[in-house]
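> below are the sequence and a predicted model; questions follow.
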Amino acid sequence: MASKTVIPFLVGMMLLTGVCNTLLTKLQDNECVRNCDDPDPRNRAHFEQPVLQTAQMFVGESGCWLVVGLMAAYSRFANRKRPSSDGYEPVEPNDADPNADAASINSESTLLSSKRTRGGPDGVLSGYGILLLSLPAICDILGTTLMNAGLLMVAASIYQMTRGALVLFVGLFSLVFLGRKLHLFQWLSLFGVVLGVALVGLAGAIQPDSKAHGTSLVTLVAEDPAAAEAVRVVLGVLLIAGAQIFTASQFVLEESLLERSSIEPIEVVGWEGLFGLTVTLIGMLVLHFTIGRTDAGRLGPFDVVEGYRQLTENRVVFISSFLIMVSIGGFNFFGLSVTRNVSATSRSTIDTCRTLFIWIVSLGLGWETFKWLQVAGFVLLVYFTFLFNGIVQPPFAALRPRQEVEELLPEQPIEHN
């Protein structure tokens, strides 16, 4: 347990890195990488590389192994300073048990408690079982790539608010696969979350941001500029909301594996980072040779050569890519530290503040415009998420459960980006 003086610092750094993750990714999306001098904005090409952005996220997650290594080195250094007891432990006379002799005769184990030296995870994740963490990593790949694609089409605040649909799928999957029970007020909360996400998406479709640029996919769907703007936002919201299916699957898989194994959460992030990066790089090569080298796919999101050129030749994209990797690693470290030291109420409040800060910064940078309908959707999202998590009480006595509400995911997983 961290000291009370350190917790505010951890919370602040979690907020800072969490906000930077979204804003830096959106900064990349807004960056022009080809035909930038063309007077017609429609001919300019922006950085549209959601798969490459997924790979840089996994590089950041893999960086958690640096933290694991530093913690192990510090522990080893600290242990060297302590005098060795050669496996013996002093026994206080006042703590002596009168039945200890009889226990030592009838028991097959020693009276001294054995301390398990952890050389690695046990349970289902021991040995080659660690490869099971590739399953949530694959879910992370699919979810993150879809969200990155959706972020190309919507404002950063709409992106962050739409991610609130995660609680819907976590609730449903926990019910189906983990055997958790949902109360009436939780079902009502899920309906309210869907309504809030719908209002946020509707706000973006009715009042599209004039500074937003169209994507190649939207251009194929609708030629009319006004229709293209609405299609862009609706499609982006659907991609982000649909991505929460894979994120919820990731959480449920992690919960199932962690219940049957003993492993440090930061090691879980590190393993998923390695597995995710490996699978993503293989997938990028396959997509490059099957799609990226064709006439239709050349210069598109699956053209690895073009993506590498855009990343290395554009200074803003290159620097922001490095900062995203550092921010992702920091977000996971600080997020796991906060999860262990604060309540569910505090975690939900931190998530709400993260969305608010992203919204305020985006408005200040001129990336989006203020929308009252979006405010209404955000209020519904926050209220019903708090209601679902039991932070606020149901408004009617008939909705209040008579028995203790079971926690859906006791391991309290956090979003990795």
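Okay, I see it.

> my guess is Leu387 contacts His183, does it?
No: at 10.7 Å, Leu387 and His183 do not qualify as touching, with contact defined as Cβ atoms under 8 Å. C-beta coordinates here come from the backbone N, C-alpha and C atoms, glycine included.

> between those two, which is the more surrounded one?
A count of neighbours by other Cβ atoms under 10 Å puts Leu387 above the other of Leu387 and His183, at 21 against 18.

> run through the residues that contact that one.
Contacts for Leu387 (Cβ atoms under 8 Å, 6 or more residues apart in numbering) come out as Phe185, Leu188, Ser189, Gly192, Pro394.

> out of these, which sit inside strands?
The strands, defined by DSSP state E, take in nothing from the contacts of Leu387.

> among these, who's most crowded?
For the contacts of Leu387, the largest number of neighbours (other Cβ under 10 Å) sits with Ser189, at 26 neighbours.

> and the nearest residue to that one once chain neighbours are set aside, how many neighbours does it have?
Distances taken as Cβ to Cβ, 6 or more residues apart in numbering put Phe388 closest to Ser189, at 3.6 Å, once the chain neighbours are dropped. The tally of other residues near Phe388 (other Cβ under 10 Å) stands at 26.

> equivalent analysis for the one 3 residues further on, please.
Taking other Cβ under 10 Å as the criterion, the count of residues near Ile391 is 17.

> same check on Lys181?
Lys181 has 12 nearby residues by other Cβ under 10 Å.

> so how far is Ser62 from it?
37 Å (Cβ to Cβ, to the nearest Å).

> could you list the low-pLDDT ranges of this protein?
1-4, 81-122, 178, 210-227, 339-348, 398, 402-417 (pLDDT under 70).

> just the strands in it please.
32-34, 45-46.

> turn those strands into TSV, columns for distance to Val237.
Formatted as TSV, the strands of the chain follow (distance: least, Cβ to Cβ, whole Å):
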stretch	distance to Val237
strand 32-34	25
strand 45-46	19
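
> what are the contacting residues of stretch 198-207?
If you take Cβ under 8 Å, 6+ apart as the criterion, stretch 198-207 is touched by 154-155, 158, 161-162, 229-230, 233-234, 236-238, 241, 369, 371-374, 376-378, 380-381.

> I'd assumed Arg315 was in contact with Val33.
No: in this structure, Val33 is not within contact of Arg315 by Cβ under 8 Å, at 11.1 Å.

> mind listing what Gly270 touches?
Contacts of Gly270 by Cβ under 8 Å, 6+ apart are Glu61, Ser62, Cys64, Trp65, Val68.

> picking up where we left off before, buried subset of the contacts of stretch 198-207?
154-155, 158, 161-162, 229-230, 233-234, 236-237, 241, 371, 373-374, 376-378, 380-381 (16 or more other Cβ atoms under 10 Å).

> so which of those sit within helices?
158, 161-162, 229-230, 233-234, 236-237, 241, 373-374, 376-378, 380-381 (DSSP state H).

> tell me the one among the contacts of Leu387 nearest to Phe357.
Taking Cβ to Cβ as the measure, Phe357 lies nearest Gly192 of the contacts of Leu387, at 23.4 Å.

> for that closest one, what are its contacts?
Leu380, Tyr383, Phe384, Leu387.

> on that earlier part again, got TSV for the contacts of Gly270, with distance to Ile291 and neighbour count too?
Output for those, formatted as TSV (distance: Cβ to Cβ, whole Å; neighbours: other Cβ atoms under 10 Å):
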residue	distance to Ile291	neighbour count
Glu61	26	28
Ser62	26	22
Cys64	32	27
Trp65	32	17
Val68	37	14
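
> mind listing which of those are in helices?
Taking DSSP H as the definition of helices, those contribute Glu61, Ser62, Cys64, Trp65, Val68.

> just the residues you listed now: which is nearest Tyr308?
Nearest member of the ones in helices among the contacts of Gly270 to Tyr308, counting by Cβ to Cβ, is Ser62, at 19.2 Å.

> excluding its backbone neighbours, what's nearest Met147?
Using Cβ to Cβ, 6+ apart and skipping residues adjacent in sequence, the residue nearest Met147 is Ala243, 4.5 Å away.

> and the gap between the nearest residue to Asp303 once chain neighbours are set aside and Thr312?
Counting by Cβ to Cβ, 6+ apart, Asp303 lies nearest to Gly292, which is 3.8 Å off, once chain neighbours are set aside. Gly292 is 17 Å from Thr312, where distance means Cβ to Cβ.

> and those two? Which one has more around it.
With neighbours defined as other Cβ under 10 Å, Gly292 and Thr312 compare such that Gly292 has more, 22 against 11.

> can you give me the distance of Leu152 to Val233?
11 Å.

> show me the contacts for the closest residue to Val33 other than its chain neighbours.
For Val33, ignoring the flanking residues on the chain, the nearest one in space by Cβ to Cβ, 6+ apart is Gln310 at 4.3 Å. With contact taken as Cβ under 8 Å, 6+ apart, Gln310 is in contact with Val33, Arg34, Phe47, Gln49, Val317.
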